[in-house]
Each structure stands twice: as C-alpha cells, then as structure tokens.
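# A predicted structure for the sequence below; I have some questions about it.
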Amino acid sequence: MIELRHLRTLMALKESGSLAGAAKKRFVTQSALSHQIKELEQRINSPIFVRKSKPLSFTQEGARLLHLAEEILPKVLETETDLKNGLETETNQLRVGIECHSCFRWLMPVMEQFRQDHPQAELDLSSRHLFDSLNALEMGELDIVLTSDPVPGHSLAYQHLFDFEVKLVVAKDHPLAKEAYVTPKQLARLPIISYPVPLARLDIYRHFLEPAGVEAGEQKTCDLTMMLLQRIACKDGIAALPNWSINEGHGLSLAAVKLGQEGLKRPLFGAYRRHSANSALVQNWLQLVASEGLARQQKSN
C-alpha cells in the first residue's frame, strides 16, 4: 500500500533535488529516508528515480507517483486544516504570519480597512513563527505569510505585492552619511545593529556583503525599531532597513544611504495555501496590503 509518507517523501525529493535535502525537509536521517524509498520501490517493483542523476531525475513510475502526490497532498492538508479548525468557523478567520519585525506599524491601516470590510471575521497577526512561518502555513497553522523569501512548495502559491528598497541607516555625522551610495567594501567589519535575527538572514548580509565576499562586523541586536534607530543615532553601529522603518526615526539625527549604485530592492510576497476555504478573505487582505504598499511608495518618491 502506498502511504502518505511516501508521497510526502516524493515531494521533498522533487523540491530539494537530492536525498540529503529531502531528508532535511522531512526531518529524518538520510539513512531512514533511503530505507523508506527502498520500501516504496519494493512495493511497486520499480525504482522511482535514476541513481546518481544530477539533477535528480524520476523514472516513469516515479513521475506517475509524483503526479499523484501533487494531486492528493494539497487536498489532504486542506481537509486536515478544515477539521482541525472546525468547519463552521474556518471561513471567518484569517491568521497572518509576518517575517518582518517592523511590518506591524505600517499594516495598521490595512487591519482597520479589513475589519471594516469584514466586521464578522477574526483577524490575527503574528510573528511567533518568524522564519518557520512558511512551514506553519503548509501545516494549516496560518492562512497568509508576508515574506521576501518564497520557497517552492506543492501546496503554496505566492502573490507579488510590491517591491521596497532597503537602505543603509547611519548617524548624520557618520563618515558615510554624505555618500550618494556605499559599496560593500565600505561596510567591511562595521558593527551591524539589527532585530534579533541570525546574521545569515539579514538582507544587508545575504544580498550585499556576502555576494561581494566582504566580512560583516559584530552583530548587535535590538527588539524595538525606535530603540534600534536611537542606537544608530548614538553611533553604536549601522543598520539596513526598509523605508517604513526609517520613517519611524523622525526627529533623530539619521541619514539613509543607498546600498550600491542601483540600490538594494527586495520584493514582498503574500504566500497562501491553494484552494483554501477562506480564499475570499485571503485575496481581500492581499489586495489591501498591495494598495497600502503602493501608496507608501508614492509618498516616499
């Protein structure tokens, strides 16, 4: 008998492209995953992928099972979520996960408009899942995730909302404050102040310093945007923030500088489950976020 765990393993193989990657995605050892694959192949009396193929290539039998997995797993996940949340309340609830510490403030007008449009709906914004939010979305614990880092998944869809610019923020009398733009080398080993996020997840590191082979300085963390901006004004370090965060520092002696000659642009996506029961609420929320983002961009230009 083909089991759901077998189908989930096939999806993990497709999405990761390797046994090691699939094992990590399924939270099992590579040995355990290999045993599971061998068990499945014995049941269908055929290999499911070509050994030592790079990238990983499925056999005809494996491709057929993969197609089955792509059809069945989203329906199973949706049904599990429906039953878990209760069939009577599922369409009247919207749980939004946010992978951004500074998003709550500018989302307030969106929340107000959404509540006016859907007074009976229950709206919950949360950052408690933080960088595990896409997994929480797949598991049915969230309905939408706002993210700049989409990860392909068989049950998730991504809607581009808008692009935003991340800028270097320094004290007004910092040596870099008067630059039209900065290069990665100019930021070598300078202390970075950020939200409590691993260095490897920071935009300034992933998309600016690391690609140029530049070593980052000491990372200092801060939970609150205003406190973070005050520390920058006191020359405790530098930061890279989106415009909506920089605007919270009105009245502080700060300067915002482009990261690179073209600037560092990042996208914001709304991730959601395909065929979700509350799709009308999901789409309304995403439209409101996109409109708010566009309005803010026009104000800053």
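Great, that's in hand.

# can you give me the helices in this structure?
4-16, 19-26, 30-44, 60-85, 103-117, 133-138, 203-204, 225-233, 243-246, 279-300 (DSSP state H).

# dump these into TSV; add mean pLDDT and distance to residue 161 as well.
Glycine gets a C-beta too; all of them are placed from N, C-alpha and C. As requested, the helices of the chain are arranged in TSV below (pLDDT from 0 to 100; distance: least, C-beta to C-beta, whole Å):
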stretch	mean pLDDT	distance to residue 161
helix 4-16	88	23
helix 19-26	85	26
helix 30-44	90	36
helix 60-85	81	23
helix 103-117	88	11
helix 133-138	87	16
helix 203-204	94	17
helix 225-233	92	21
helix 243-246	83	13
helix 279-300	86	4
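
# so which of these is nearest residue 262?
Closest of these to residue 262 is helix 203-204, at 14.6 Å (criterion: C-beta to C-beta).

# which neighbouring elements make contact with that closest one?
When contacts are defined as 3 or more C-beta pairs under 8 Å, 6 or more residues apart in numbering; DSSP states H and E, helix 203-204 sits against strand 156-171, strand 239-242, strand 264-273.

# how far away from the center of its chain is it?
Centroid displacement of helix 203-204 relative to its chain, using C-alpha atoms, centre = their mean, to the nearest Å, is 14 Å.

# who touches that helix?
Outside helix 203-204, the residues within contact range by C-beta atoms under 8 Å, 6 or more residues apart in numbering are 148, 166, 168, 187, 192, 216, 239-240, 259, 264, 266.

# among the helices and strands packed on helix 203-204, single out whichever gets nearest to residue 104.
Among the helices and strands packed on helix 203-204, the nearest to residue 104 by C-beta to C-beta is strand 239-242 (13.0 Å).

# export the closest one to CSV, keeping only CA atoms.
These are the backbone C-alpha positions of strand 239-242, laid out as CSV (Å, rounded to 0.1, in the frame of the first residue of the first chain):
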residue,chain,number,x,y,z
ALA,A,239,21.8,49.2,10.1
ALA,A,240,19.9,48.3,6.8
LEU,A,241,16.2,49.0,7.0
PRO,A,242,13.2,49.5,4.7
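
# average model confidence for it?
Over the span of strand 239-242, the pLDDT mean works out to 94.

# and it, which strands flank it?
Each strand pairing with strand 239-242, determined using DSSP bridges, is listed with its direction: strand 156-171 (antiparallel).

# between the strand it pairs with and helix 60-85, how many degrees?
The directions of strand 156-171 and helix 60-85 differ by 70 degrees, with axes from the mean of the first three to the mean of the last three C-alpha atoms, to 10 degrees as the criterion.

# counting neighbours, which bits of strand 156-171 end up buried?
Burial within strand 156-171, assessed by neighbour count using 16 or more other C-beta atoms under 10 Å, is assigned to 156, 158-159, 161-162, 164-171.

# tell me the one of those residues nearest residue 12?
Where those are concerned, and distances follow C-beta to C-beta, residue 12 has its nearest neighbour in residue 156, at 14.2 Å.

# mind checking pLDDT for the closest one?
Reading off the per-residue confidence, residue 156 sits at a pLDDT of 89.

# for it, what are its contacts?
If a contact means C-beta under 8 Å, 6+ apart, then residue 156 has 134, 137-138, 271-274 as its contacts.

# what is the neighbour count of residue 60?
Other residues lying near residue 60 total 8 when counted by other C-beta atoms under 10 Å.

# in this structure, which residue sits furthest out from the middle?
Of all residues in the chain, residue 45 has its C-alpha farthest from the mean position, at 39.6 Å, by C-alpha atoms, centre = their mean.

# wait, residue 96 sits on residue 141?
No. The criterion here is C-beta atoms under 8 Å, and residue 96 misses it with residue 141 at 11.6 Å.

# who has more neighbours out of these two?
Taking other C-beta under 10 Å, residue 96 and residue 141 do not tie; residue 96 has more neighbours (26 against 18).

# next one: that one relative to residue 40, how far apart?
Residue 96 sits 37 Å away from residue 40, going by C-beta to C-beta, to the nearest Å.

# what of residue 59?
Distance, residue 59 to residue 40, using C-beta to C-beta: 12 Å.

# find residues that contact each of the two.
Listed contacts common to residue 59 and residue 40 are residue 48; contacts here mean C-beta under 8 Å, 6+ apart.

# so for these two, which residue has more residues nearby?
It is residue 40, of residue 59 and residue 40, that has more neighbours when counted by other C-beta under 10 Å, with 21 against 15.

# name all residues that make contact with the nearest residue to residue 267 once chain neighbours are set aside.
Of all residues not flanking residue 267 in the chain, residue 163 sits nearest, at 5.2 Å (C-beta to C-beta, 6 or more residues apart in numbering). Residue 163 makes contacts with 265-268, as judged by C-beta under 8 Å, 6+ apart.
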